[in-house]
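[1] Following is a predicted model, sequence given first.
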Amino acid sequence: MTASAWAARQGVAVRIAGRADAKALGFFLTSAWKEVGPGALGFTGATDDAIREISTEEFLTRRIASDRVKILVAEVEGSIVGFAGLRTEGPQTVELSGIVVLRSASGAGIGTRLIRKSFALAERLGFKTMTVRTEIFNQRAIAFYRKNGFTETARETEKVGRTRVTVQVLRKMLGRTRR
């Protein structure tokens, strides 16, 4: 069975995470990390210690409760298989701070569902622009973002732990007339 057939058969639901999701979201992040490890795209500079910290129920409860952050989760049969994070950058700009899908569920359209829900949520909250940053060598992610209406705007160097990472910044104008 193809991944997209699997997703359709399983009934993927995407929704905004609430405080009660913190423990399950932590389990998801730990599972995603274990599937791909420190060399994975999107995890540049991450360590086991960093993943342990950001996957704690306390950390995630604070994140979910923040007015500046919205987390979307994709679920299959009550289990989280993907997430997207949105973080306010300014009065009209929101950053897509990450999309992660379990490797075992990748290729099923879950990332596309998450990004579309992210656009809709950002528009509903009144944002006009969405940005995203990804490693310059992550051509798969850059192609995904281009396919979803983002354009490349700049390159920046960020420090992640002890690692310096060059990232591609992409931007998308939100709104029904710009899609």
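    It's in. Model, not experiment: these values are computed from the prediction. Numbers count the residues shown, from 1 in each chain.

[2] Pull out the buried residues from stretch 88-101.
    Residues 88, 94, 95, 96, 97, 98, 99, 100, 101 are the ones in stretch 88-101 that count as buried (16 or more other CB atoms under 10 Å). C-beta here means a position set from N, CA and C on the backbone, and glycine is covered the same way.

[3] How far off centre is it?
    Its chain's average C-alpha position is 9 Å from that of stretch 88-101, according to CA atoms, centre = their mean, to the nearest Å.

[4] who's in contact with residue 24?
    Counting by CB atoms under 8 Å, 6 or more residues apart in numbering, residue 24 touches 79, 80.

[5] redo that, cut-off 10 Å
    For residue 24, the contact set (CB atoms under 10 Å, 6 or more residues apart in numbering) comprises 17, 57, 60, 73, 75, 78, 79, 80.

[6] which stretch of helix or strand covers it?
    Assigned by DSSP states H and E, residue 24 falls within helix 22-36.

[7] what do you get for residue 67?
    Residue 67 belongs to no helix or strand, assigned by DSSP H and E.

[8] Please report how far it lies from residue 98.
    To residue 98, residue 67 is 19 Å away according to CB to CB, to the nearest Å.

[9] if we can go back for a sec, tell me the least confident of the buried residues of stretch 88-101?
    Comparing pLDDT over the buried residues of stretch 88-101, residue 98 scores lowest. The value there is 84.

[10] Confirm for me that that residue is in contact with residue 132.
    Yes. Using CB atoms under 10 Å, residue 98 is in contact with residue 132, at 8.5 Å.

[11] what's the neighbour count on residue 83?
    Counted with other CB atoms under 10 Å, residues neighbouring residue 83 total 24.

[12] residues contacting residue 81?
    Applying CB under 10 Å, 6+ apart, one finds that residue 81 lies in contact with 7, 10, 12, 28, 31-32, 73-75, 100-102, 104-106, 108, 110.

[13] and it, what helix or strand is that in?
    Using DSSP H and E, residue 81 maps to strand 79-88.

[14] coming back round to it: buried residues of the helix holding residue 24, list them for me.
    By neighbour count on 16+ other CB under 10 Å, the buried set for helix 22-36 is 22, 24, 25, 26, 28, 29, 30, 31, 32, 33.

[15] sorry, back to before: buried only: go through the contacts of residue 81 for me.
    Neighbour-count burial (16+ other CB under 10 Å) is assigned, among the contacts of residue 81, to 7, 12, 28, 31-32, 73-75, 100-102, 105, 108, 110.

[16] Output those in JSON lines; the columns should cover secondary structure.
    Below are the buried ones among the contacts of residue 81 laid out as JSON lines (DSSP: H, G, I helix; E, B strand; the rest coil):
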{"residue": "7", "secondary structure": "helix"}
{"residue": "12", "secondary structure": "coil"}
{"residue": "28", "secondary structure": "helix"}
{"residue": "31", "secondary structure": "helix"}
{"residue": "32", "secondary structure": "helix"}
{"residue": "73", "secondary structure": "strand"}
{"residue": "74", "secondary structure": "strand"}
{"residue": "75", "secondary structure": "strand"}
{"residue": "100", "secondary structure": "strand"}
{"residue": "101", "secondary structure": "strand"}
{"residue": "102", "secondary structure": "coil"}
{"residue": "105", "secondary structure": "helix"}
{"residue": "108", "secondary structure": "coil"}
{"residue": "110", "secondary structure": "helix"}
